[in-house]
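In: make a model of this:
(one chain, ligands or ions: 1)
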Amino acid sequence: MVLALQTTLDIDQLLNLFSTHLKSVVPHAGSSFCNERLGIELSLGGHGRHVCAYNLELENEFLGEWRMSRNRRFTEPELAHVEALLCRLLYPLRNGLKYREALSYAHTDQLTQTGNRTALLDSLKREFDLAHRYQTPLSIILLDVDHFKSINDSFGHDIGDAVLRAVARAIKDSVRRSDILFRYGGEEFVIVLANTSRDGAANLAERVRVMVETSFRALRGSDLCVTLSLGVAMMLPGETHLDLLRRADHAMYQAKHGGRNRVVAAAAAAAAAESELP
Ligand SMILES: Nc1nc2c(ncn2[C@@H]2O[C@H](COP(=O)(O)OP(=O)(O)OP(=O)(O)O)[C@@H](O)[C@H]2O)c(=O)[nH]1
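Out: Numbers count the residues shown, from 1 in each chain. Have a look, this model is predicted:
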């Protein structure tokens with residue numbers, strides 16, 4: 001089994017391999033692994049009345065909690081077996097967790113804790129393929145903070161950074177899932193909306209616009225005025241994910257040219273013109 005565990009750095013695969021082997025040695029209904037810090041929660045199989053749980057640690061580093069359960073009590077020899085096997089899991093598990101952490105770091109914008117450009121392109125491509133396969137609508141919102149240069153110039157770069165963090169926070173609070181927000185560039189963000197029509201995306205964009213405008217206006221004693229220009233586009237037949245991004249970008253520029261602090265939705269058919277909302 002030790003060799004098998006060394007064949008993968010993927011945590012899900014690793015724990016599946018481990019669980020399959022463990023089941024053949026100590027039969028049980030199901031098991032789970034949890035590492036809160038890395039947001040990993042994996043459940044394999046069912047549940048039982050009797051639970052045994054272990055905090056997995058290696059060289060003073062907490063790796064996570066492993067649980068297994070079944071309806072029959074576990075015997076002492078069985079538990080000794082489980083513990084011996086868990087010891088063999090520790091090094092491969094630590095390698096897998098480090099790999100997972102490195103991957104997540106490489107895909108996260110450290111200032112706003114949103115996905116970065118690489119993560120956006122990966123995610124958009126994936127959602128695009130799914131939308132094609134299941135014939136579901138896919139929309140995106142590309143948004144840009146208005147006059148951000150002058151915020152930096154007037155209030156300083158640290159306040160500029162804080163504004164970007166607050167904008168990301170406000171957007172995350174307005175959307176159903178927080179993992180669909182990406183920082184595309186300096187003061188530009190993209191929201192990827194699976195299974196969402198152009199009108200649905202435009203409504204959400206308007207909600208985000210109002211949310212950001214009002215939350216900064218509520219900051220008393222500050223001249224800080226933060227607004228967004230937002231471009232919305234829905235996937236059209238035959239286009240690529242980069243085409244979609246380009247159309248959303250174009251709609252966002254229309255919003256800038258239209259006076260900023262507004263939403264523009266790209267046309268639902270390629271030839272039609274943009275429409276400004278509401
Ligand atoms: N504080 C801070 N500033 C950034 C960051 N990334 C980019 N910027 C700044 O964002 C500013 C963007 O300015 P512009 O592209 O001129 O756009 P703008 O001032 O927002 O004007 P409009 O988009 O036309 O409304 C530049 O001054 C960049 O230096 C960042 O991570 N932190």
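In: all strands of the chain, in order?
Out: 30-35, 40-45, 50-58, 61-70, 108-109, 114-115, 138-145, 181-183, 188-194, 228-234, 263-265, 275-277 (DSSP state E).
In: got these as a markdown table, with distance to the ligand and mean pLDDT columns?
Out: All C-beta atoms are positioned from the backbone trio N, CA, C, and that covers glycine. Listed next are the strands of the chain as a markdown table, based on distance: least, Cβ to the nearest ligand atom, whole Å; pLDDT from 0 to 100:
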| stretch | distance to the ligand | mean pLDDT |
| --- | --- | --- |
| strand 30-35 | 30 | 94 |
| strand 40-45 | 29 | 91 |
| strand 50-58 | 37 | 96 |
| strand 61-70 | 32 | 96 |
| strand 108-109 | 9 | 94 |
| strand 114-115 | 12 | 94 |
| strand 138-145 | 5 | 97 |
| strand 181-183 | 9 | 96 |
| strand 188-194 | 9 | 96 |
| strand 228-234 | 7 | 97 |
| strand 263-265 | 14 | 97 |
| strand 275-277 | 17 | 53 |
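In: mean neighbour count for those - can I get that in TSV?
Out: As requested, the strands of the chain are exported to TSV (neighbours: other Cβ atoms under 10 Å):
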stretch	mean neighbour count
strand 30-35	20
strand 40-45	15
strand 50-58	14
strand 61-70	18
strand 108-109	18
strand 114-115	26
strand 138-145	26
strand 181-183	26
strand 188-194	23
strand 228-234	28
strand 263-265	27
strand 275-277	15
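In: of the ones you listed, which is nearest residue 79?
Out: strand 50-58 (6.3 Å; Cβ to Cβ).
In: give me the contacts around the closest one.
Out: 62-74, 79, 82-83, 86, 89-91, 93-94 (Cβ atoms under 8 Å, 6 or more residues apart in numbering).
In: strand 30-35 and that one, what's the angle between them?
Out: With axes from the mean of the first three to the mean of the last three Cα atoms, to 10 degrees defining the directions, strand 50-58 sits at 40 degrees from strand 30-35.
In: skipping adjacent residues, who's closest to residue 8 in space?
Out: Among residues not flanking residue 8 along the chain, residue 14 sits closest, at 5.4 Å (Cβ to Cβ, 6 or more residues apart in numbering).
In: close to the ligand: what parts of the stretch 51-200 of the chain are there?
Out: 111, 144-150, 152, 157, 160-161, 164, 186-187 (Cβ under 6 Å from any ligand atom).
In: okay, now the residue nearest to residue 8: neighbour count?
Out: Neighbourhood size, residue 14 [other Cβ atoms under 10 Å]: 24.
In: pLDDT score for it?
Out: Per-residue confidence at residue 14 stands at 93 (pLDDT).
In: domain ranges for this protein, per the record?
Out: Per the record, the chain has its domains at 2-106, 108-277, by automatic domain parsing.
In: go through those and pick out the most buried.
Out: Highest mean neighbour count among the domains of the chain (mean count of other Cβ atoms under 10 Å): domain 108-277, with a mean of 18.
In: I figured residue 40 hits residue 100, correct?
Out: Yes - the pair formed by residue 40 and residue 100 meets the contact definition of Cβ atoms under 8 Å, at 7.3 Å.
In: quick check: residue 208 vs the ligand, distance?
Out: Shown here: residue 208 relative to the ligand, a distance of 16 Å by Cβ to the nearest ligand atom, to the nearest Å.
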